[in-house]
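Trainee: need a structure here:
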Amino acid sequence: MGYRPERLPEFPWKVSRKDGRFQNIDSPWVPRWKDIFRWKLASRPPRSQAAGRGGACLPEEVFVDWPALRNPPPERIVATWLGHSTFLLQLDGLTVFTDPLFGEYCAPWPIPGFRRRRPSPFRREESPAPDLVILSHSHFDHCDRASLQQLPRATLICCPLGLRPLLARWGFSRIVEFGWGEFIADGSWKLLCLPAQHASARSPLDRDRVLWCSWLLSSRGRQIFFAGDTGYARFHAELSKPLGPVELALLPIGAYRPSWLQQPLHLNPMEAAQLHRDLQARTSLAMHWGTFRLSDEPWEEPLQLLADARRLLGLSEDSFRAPKLGEIIRL
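Mentor: Next comes the predicted model:
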């Protein structure tokens, strides 16, 4: 089946470009390559990591019950965290991967600093085949060639504007590009592309040539929000108006230090908890932490700050929690 995205009427946020580069809605500045190089020259390992793994707090692991995932209950939302921003989602007979990343490195070649801290629990021969893959942007830790090529080439891939040519070169034929506010629907399910505050690049030559986004997947009145990568922006407080309450939100809590560099790009745990409230989410699950070292915070800090944020905002522990690696969450 071919898909042509439609635009929601009166959607309040529009995609804009300047000199051929996509722009954020709220933040006029995002880091450039020179800022990243400046940070890397001064960056030091977090204290708990430098002291050895004894002080580190990496995600707990459980064995994935793959047979159960091949026959999920259709009336429930099933979410399985496979590390970083990769979830296997199942809803109403639909199987979806978010930003698949199964390999040992989140880089185009084996760089020790970008090595996975826990092995991926993904098993190609045991996993149910996806009906749909959703990609949030082009960064290597969210759009990985080797991981995508472990999936059937006929898989439907939904991506933001500008990413289709790369995916086509990788051998995929069913690719749908979206701008913010555009959606497709098929039977009982609907997928809507939403704004995020971030950036994109795979080299110094293609900065912001690909759009970045979040996603809303819905079926029979149940909604799943996948944030992708995003900093906190003013528009987040308004998202619930066109969307309504969200049953499950997948929200990043890591890669926020140093704040001078990361704040426009990534949520810290307090901002993630605020977004949970903005979305009126029934349940939120943490992602984008504990898998790769992408920033300067100690391994254990995101979970500590998330617990602090829950207390400050009066949230229950069950309402926003960090799943175990490989854990199957049924809602």
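Trainee: leaving out sequence neighbours, find the closest residue to Val15.
Mentor: Gly179 (4.5 Å; CB to CB, 6 or more residues apart in numbering). From N, CA and C alone the C-beta is placed, and that goes for glycine too.
Trainee: can I assume that neighbour is in contact with Leu161?
Mentor: Yes. Between Gly179 and Leu161 there is a contact under CB atoms under 8 Å: 5.4 Å.
Trainee: excluding chain neighbours, what is closest to the residue most central in space within the chain?
Mentor: Geometric centre of the chain, nearest residue: Gly228, 2.8 Å, by CA atoms, centre = their mean. Spatial nearest neighbour of Gly228, excluding adjacent residues (CB to CB, 6+ apart): Ser136 at 2.6 Å.
Trainee: let me see the contact set for the one you found.
Mentor: Counting by CB atoms under 8 Å, 6 or more residues apart in numbering, Ser136 makes contact with 85, 98-99, 142, 160, 196, 198, 212-215, 226-229.
Trainee: of the residues you listed, closest to Glu317?
Mentor: The closest of these to Glu317 turns out to be Ala227 (CB to CB; 20.3 Å).
Trainee: for the closest one, phi and psi?
Mentor: phi -80, psi -20 (degrees, to the nearest 10).
Trainee: dump the residue contacts of it.
Mentor: Ala227 touches Ser136, Ala196, Ser214, Ala249, Leu250, Leu251, Pro252, Leu267, Leu275, counting by CB under 8 Å, 6+ apart.
Trainee: could I get the residues you listed in CSV, plus columns for secondary structure?
Mentor: As requested, the contacts of Ala227 are exported to CSV (DSSP: H, G, I helix; E, B strand; the rest coil):
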residue, secondary structure
Ser136, coil
Ala196, coil
Ser214, strand
Ala249, strand
Leu250, strand
Leu251, strand
Pro252, strand
Leu267, coil
Leu275, helix
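Trainee: which of those residues sits closest to Lys241?
Mentor: Among the contacts of Ala227, Leu275 lies closest to Lys241 (CB to CB), at 14.5 Å.
Trainee: the closest one touches Leu251, doesn't it?
Mentor: Yes. Leu275 is within contact range of Leu251, at 5.9 Å (criterion: CB under 8 Å).
Trainee: okay, and the common contacts of these two?
Mentor: Common neighbours of Leu275 and Leu251, using CB under 8 Å, 6+ apart, are Ala227, Leu267.
Trainee: count of residues packed around Arg220?
Mentor: Counted by other CB atoms under 10 Å, the residues lying close to Arg220 total 10.
Trainee: now do it against Gln90, distance only.
Mentor: 14 Å (CB to CB, to the nearest Å).
Trainee: what do you get for Asp229?
Mentor: 23 Å.
Trainee: same thing with Arg202?
Mentor: For Arg202 relative to Gln90 (CB to CB), the value is 30 Å.
Trainee: and these two? Which one has more around it.
Mentor: Neighbours were counted for Arg202 and for Gln90 using other CB under 10 Å; Gln90 has more, 25 against 15.
Trainee: what sits against the more buried one?
Mentor: Applying CB under 8 Å, 6+ apart to Gln90 gives the contacts Leu69, Pro72, Ile77, Val78, Ala79, Val96, Pro128.
Trainee: which of those residues scores worst on pLDDT?
Mentor: pLDDT across the contacts of Gln90 is lowest for Pro72, at 94.
Trainee: give me the number of residues near it?
Mentor: The local packing of Pro72 (other CB under 10 Å) involves 22 other residues.
Trainee: contacting residues around the closest residue to Leu135 other than its chain neighbours?
Mentor: Excluding the flanking residues, the one nearest Leu135 by CB to CB, 6+ apart is Cys159, at 4.3 Å. The contact partners of Cys159, taken as CB under 8 Å, 6+ apart, are Ile134, Leu135, Cys143, Leu167, Ile175, Val176, Glu177, Phe178.
Trainee: where does the last one fall, phi/psi-wise?
Mentor: Recorded main-chain torsions at Phe178 are phi -130, psi 150, according to degrees, to the nearest 10.
Trainee: give the contact list for the nearest residue to it once chain neighbours are set aside.
Mentor: Using CB to CB, 6+ apart and skipping the chain neighbours, the partner closest in space to Phe178 is Cys193 (3.6 Å). Listed by CB under 8 Å, 6+ apart, the contact partners of Cys193 are Pro5, Cys158, Pro160, Phe178, Gly179, Trp180, Gly181, Glu182, Phe183, Cys213, Ser214, Trp215.
Trainee: how close does the second one sit to Phe178?
Mentor: From Cys158 over to Phe178 the distance is 6 Å, taken as CB to CB.
Trainee: same check, this time on the first one
Mentor: In this view, Pro5 and Phe178 are 5 Å apart by CB to CB.
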